[in-house]
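S.K.: Give me coordinates for this.
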Amino acid sequence: MTTSHTLVAEGLTVGYGDRTVVHDLSLVVPPGSVTAIVGPNACGKSTLLRAMARLLAPRGGHVLLDGAAVHRTPAKALARTLGLLPQSSIAPEGITVADLVGRGRHPHQGLFSRWTREDDLAVAEALEATDTVQLAERPVDELSGGQRQRVWIAMALAQRTDVLLLDEPTTFLDVSHGVEVLDLLTDLNRARGTTVVMVLHDLNMAARYADHLVAMVDGAVHASGAPADVLTEACVRTVFGLDCRVVEDPVSGRPLMVPIGRHHAGRAAAGAEPDGADGADGAVGAGSAPDGAPVPAAGDVALVGRGR
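M.R.: Numbers count the residues shown, from 1 in each chain. Purely as a prediction, here's the structure:
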């Protein structure tokens, strides 16, 4: 694996039919890092990921992988470097887990090439990493939603690409398996230098696991950078229309967003200091509220994982 691949969107405009979803968007994905894309529903996160993976042709601008336009790169050649786990995947009827995961090796097969020991090893490692070895002989359509999601992740891992895009990889997973998947992606990044780009709905998990955070709204990038610079009270208010407090995650030291909501707005207002222009001045240290009172909620909602 290598960290030298570059993935860049320049002036990208993408849509469906007569509807434009992503507008003149530019984004540089840091090579060899974990990037998380967050934003409200229908802001263009999944559309951006699909365009980066060559599934949607741009109406304007382009996506470049190592300086070459992805939509002009042959699909199989692209799939040897860049893999995508989409939000919704449908397995062929009756296919077993092992066979589906094995399909991740397709980009590495030539027209007349045979299955190799390396292919066996890639599939075995992917099943082991996703805790799906015991499911190998079962039909995919008999599995629960969470089990199926882990199998699809195993197929993406078996592909062994240097760049991996994942659209909501923790969908359908319980909290334990969700954290384990994010730990797994972190392991992949650290051990192999894989560039990971994932769409996540959980802001706190995104901030904990990502090296680089991208916040989108209305088809454009509102903010990008280190989690501490992006996950601020001001940014959450602008992007999600949500008042919150941002404290320090007592486990990872990363920013932790605590939503306020209507039923707790009075108490928050009574003890809150004015938020800074970029939200950073309104951040609260772990374990204390602005008035010095304990904040057990910060510790209660933090999830413990191996990766961060």
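S.K.: Tell me which residues touch residue 122, please.
M.R.: 104-105, 158, 160 (CB atoms under 8 Å, 6 or more residues apart in numbering). For the C-beta atoms, the positions are set from N, CA and C on the backbone; glycine is no exception.
S.K.: Which stretches in the stretch 1-150 of the chain count as helices?
M.R.: Along the stretch 1-150 of the chain, counting by DSSP state H, counting those that start in this stretch, helices occupy 45-52, 75-79, 97-102, 117-129, 145-158.
S.K.: Which among those helices is found nearest to residue 269?
M.R.: Closest approach to residue 269 among the helices of the stretch 1-150 of the chain (CB to CB): helix 45-52, 31.4 Å.
S.K.: Assess the claim that residue 45 and residue 39 are in contact.
M.R.: Yes: contact criterion CB atoms under 8 Å: residue 45 and residue 39 qualify, at 5.4 Å.
S.K.: Next one, pLDDT for the closest residue to residue 29 other than its chain neighbours please.
M.R.: Spatial nearest neighbour of residue 29, excluding adjacent residues (CB to CB, 6 or more residues apart in numbering): residue 7 at 4.2 Å. Residue 7 is assigned a pLDDT of 97 by the prediction.
S.K.: so who does residue 7 touch?
M.R.: Going by CB under 8 Å, 6+ apart, residue 7 touches 28-29, 31, 52, 63-65, 82, 163, 195, 197.
S.K.: are any of the residues you listed buried, and which?
M.R.: By neighbour count, with 16 or more other CB atoms under 10 Å, the contacts of residue 7 hold 29, 31, 52, 63-65, 82, 163, 195, 197 as buried.
S.K.: quick one: which of the residues you listed is nearest residue 178?
M.R.: Taking CB to CB as the measure, residue 178 sits nearest to residue 197 out of the buried ones among the contacts of residue 7, at 17.8 Å.
S.K.: Check which strands are paired with the host helix or strand of that closest one and give the direction for each one.
M.R.: Using DSSP states H and E, residue 197 sits in strand 195-199. Strand 195-199 sits in its sheet next to strand 34-38 (parallel), strand 163-167 (parallel), going by DSSP bridges.
S.K.: returning to that earlier point: in a markdown table, list the contacts of residue 122 along with pLDDT, distance to residue 141 and neighbour count.
M.R.: Shown next, in a markdown table, are those (pLDDT from 0 to 100; distance: CB to CB, whole Å; neighbours: other CB atoms under 10 Å):
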| residue | pLDDT | distance to residue 141 | neighbour count |
| --- | --- | --- | --- |
| 104 | 89 | 18 | 23 |
| 105 | 88 | 22 | 20 |
| 158 | 92 | 20 | 27 |
| 160 | 88 | 26 | 23 |
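S.K.: And the residue nearest the centre of the protein?
M.R.: Residue closest to the mean C-alpha point of the chain, counted by CA atoms, centre = their mean, is residue 198 at 1.8 Å.
S.K.: lowest average confidence, helix or strand, in this structure?
M.R.: For the chain, counting by mean pLDDT, DSSP states H and E, helix 296-301 ranks last in confidence among helices and strands (a mean of 39).
S.K.: Touching both of residue 45 and residue 39, which residues are there?
M.R.: Joint contacts of residue 45 and residue 39 (CB under 8 Å, 6+ apart) are residue 216.
S.K.: where's residue 230 relative to residue 161, distance?
M.R.: Applying CB to CB, to the nearest Å, the value for residue 230 to residue 161 is 26 Å.
S.K.: Neighbour count: these two, which is higher?
M.R.: Of the pair residue 230 and residue 161, residue 230 is the one with more neighbours under other CB atoms under 10 Å, namely 26 against 22.
S.K.: hang on, the earlier thing: for the residue nearest to the centre of the chain, list the residues it contacts.
M.R.: 34-37, 165-169, 185.
S.K.: Give me the buried entries from those.
M.R.: By 16+ other CB under 10 Å, these give 34-37, 165-169, 185 as buried.
S.K.: Out of these, the closest to residue 216 would be?
M.R.: Nearest to residue 216 among the buried ones among the contacts of residue 198, counting by CB to CB, is residue 37 at 6.3 Å.
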